[in-house]
Structure formats: C-alpha cells, structure tokens
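A.B. asks: Have a look at this prediction, sequence included:
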Amino acid sequence: MEEYPEQRLKDKVILITGAGSGIGKASAIRMAKEGAKIIVNDIDQEKIDEVVNIIKGFGGEAFGYRADVTKKEEVVAMVEAAHEKYGRIDVLFANAGIADYAKFVRMKESFWDHMFEVNTKGVFLVTQAVVKKMLKYKVPDDQLRGKIIITSSRAGKDGQEELSAYSASKAALIQLKTALAKELGPKRITVNAICPGTILTPIYGKDVTRENIAGIDGKVALNIKQGVGDPEDVAGVVAFLASKDSDFITGQAINVCGGTIFH
Ligand code: NAP
C-alpha cells in the first residue's frame, strides 16, 4: 500500500482475536496495509464482516472467523481453519478482552469468573492452540518460528480502584508473557505484551467520547489528546512487535499510555 511502502509485514499471516472493534480492528487494518494476511476473529460476525470488507476494500487480504475465545473447540477449529487457508500463523495477537467496573465488596463471584474466563483463559486457549502449531514449523536456524503479542493493560501493572477483577486478570497475562518468553525463546518464538492506557474504544460503552473519558487518569506526562489514546496509537506498536524490526525483543510488557505510568 502507498501509505506503508516498506511493507514490513508482506505475506505474514496474523491472527487477531477481538479484531471486530477498537484496538484489534485498528491493528487488523494497519497490519493489512503493511502487507499482512489477517485472520479477523471476533465473537460477533457482523463486526468481523465489516473489518474484512474494509481490508478487502483497499486491496488487502483478510479471512474472517467467528469464535468465542473461551471455548476450546471453537479456538482449535479456528486455528485449523487458518492453517487450511494460509498454511501457517506467523503472528498471534491475543487481544480479545472485556472490562467492567465493580466495587470489590459487592462483586459477585460470577463477575470475577467471567473476567478471568475471557481475559485470561481466553488468551491461554488461543496461545496454546497457536503455539502447538508454531512448534512444528520448519524454519532456518537464524529465523523466528513465530511471535505472540498479548494485550494486557496498564491496569495489569498498576491496579485501578473498582477494576480489581480486570486488573488481576490482566496482571496474570504479564507473568504468562514472561514465563512463555523463557519457555519458548529456545524454540525461537517471541512473546511480548502491550499495556495500553486509556484508549478511545467501545469498551467504555457505545457513547464514549474523548471528552467524557478525559481526566480519568489524573496527571499525564504527554500533553496531547487529553491523555486519551486512539486505537491507531496502539496499532502502530503492535505492527512493530509483529515485524522483523522487533525480532530481538521478547518477554517485555510495553506501555502505550501517554506517560501515565513509568514501570
Ligand atoms: P473493544 O472495542 O470492546 O474490542 C474488544 C473486542 O473483543 C470486541 O469486539 C469484543 O466483542 C471482542 N470479544 C469480547 N469477548 C470475546 C470473546 N469471548 N471471543 C472473541 N472476541 C471477544 O475493546 P478494546 O478497547 O479494543 O480492547 C481490546 C483489548 O485491549 C482488550 O483486551 C482490553 O482489555 C485491552 N485494553 C483496552 C484499553 C482501553 O482503554 N480501550 C486499555 C487497556 C487494555 P464484544 O464487544 O461483543 O464484547
């Protein structure tokens, strides 16, 4: 595409979960523009179709697949379908997630369980299904077998009030990333996480605007966009982590948060 003449991701096959909206959608579009073939996963077929149409509309390559990341059979079938279609998955962006607020003392057990089911177990299921395949790929000794990128959150490093279940579910992903980077590094698979701050997406509700979520972070170091990032700000970092430019980075949790935390 003219917008990205370097085509860093040319012919790379990239599976993105939760790609029907927000950060996943912006990353699907960005990486398709950089030449990747995108497997667009979401739980909602209409949102998948919209993203696939956008990508095909600019001459990109995309394949939509509806699956609930909490259902092992659906996840395994999706990974099989991706291999039937493209023969491999070079990069997994395990991004699907949910968020919701609750005061800790009033939180129902089902609320806690659901948060972990989607945000933590969902990443486990998708990553395991993809890594099982990646380990079988034959690649030259000086090349990576694959890359895993996991969407954690700033809240996974710096827990937020009334987001205790969400913060804990995302913190687990940061240590999953570290453990997997160590376990899979010898097999030449990199594993990194991103920790977005406040990003303007429908996760905050359909009527969210920059104005009505600005200020929830207090003081921000970077004085642009009122401290609220756009999905495209995260997509650029994801594209970098998916590209060869980041081959020597593994086991990191990269903040994309406009300078709201520094660890
Ligand atoms: P989003 O716009 O709501 O996108 C998430 C997508 O994942 C939605 O289309 C959602 O569908 C889908 N999804 C939910 N459950 C799923 C499941 N079981 N299987 C497959 N897909 C499922 O939210 P976003 O802000 O882009 O969030 C993407 C990721 O970034 C999440 O992991 C989130 O926790 C993380 N994050 C976001 C922010 C932020 O400020 N936006 C900050 C830090 C981290 P439904 O809409 O039907 O649920």
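C.D. replies: Now that the structure is in, tell me what you want to look at. Residues are numbered from 1 along each chain as shown.

A.B. asks: gap between the longest strand belonging to the chain and the chain center?
C.D. replies: Longest strand in the chain, counting residues (DSSP state E): strand 189-196. On the basis of C-alpha atoms, centre = their mean, to the nearest Å, strand 189-196 sits 9 Å off its chain's mean C-alpha point.

A.B. asks: So is that strand next to the ligand?
C.D. replies: Yes - Strand 189-196 reaches the ligand (C-beta under 6 Å from any ligand atom) through residue 196. From N, CA and C alone the C-beta is placed, and that goes for glycine too.

A.B. asks: residue contacts, the spatially most central residue of the chain?
C.D. replies: Centroid-nearest residue in the chain: residue 95, 2.7 Å away (criterion: C-alpha atoms, centre = their mean). Neighbouring residues of residue 95 by C-beta atoms under 8 Å, 6 or more residues apart in numbering: 16, 17, 18, 19, 23, 24, 27, 149, 150, 151.

A.B. asks: Tell me which of those fall in strands.
C.D. replies: 16, 149, 150, 151.

A.B. asks: tell me the pLDDT at residue 200?
C.D. replies: With respect to pLDDT, residue 200 scores 96.

A.B. asks: where does the stretch 101-250 of the chain come near the ligand, residue by residue?
C.D. replies: Residues of the stretch 101-250 of the chain lying near the ligand (C-beta under 6 Å from any ligand atom): 118, 122, 151, 153, 196, 198, 199, 201, 202, 203.

A.B. asks: give me the beta-bridge partners of the fifth one?
C.D. replies: Translated: residue 196. Residues in a beta bridge with residue 196, per DSSP bridges, are residue 256.

A.B. asks: List the residues that contact it.
C.D. replies: 23, 151, 153, 154, 229, 234, 256, 257.

A.B. asks: Tell me the one of those nearest residue 184?
C.D. replies: Of all the contacts of residue 196, residue 184 sits closest to residue 151, with 18.1 Å by C-beta to C-beta.

A.B. asks: Quick check: the gap between the residue nearest to that closest one when sequence neighbours are not counted and the ligand.
C.D. replies: Setting aside the residues directly before and after it, residue 151 is nearest to residue 95 in space (C-beta to C-beta, 6 or more residues apart in numbering), at 4.2 Å. To the ligand, residue 95 is 5 Å away according to C-beta to the nearest ligand atom, to the nearest Å.

A.B. asks: same deal with residue 12?
C.D. replies: Counting by C-beta to the nearest ligand atom, the separation of residue 12 from the ligand is 21 Å.

A.B. asks: Thanks a lot, catch you later.
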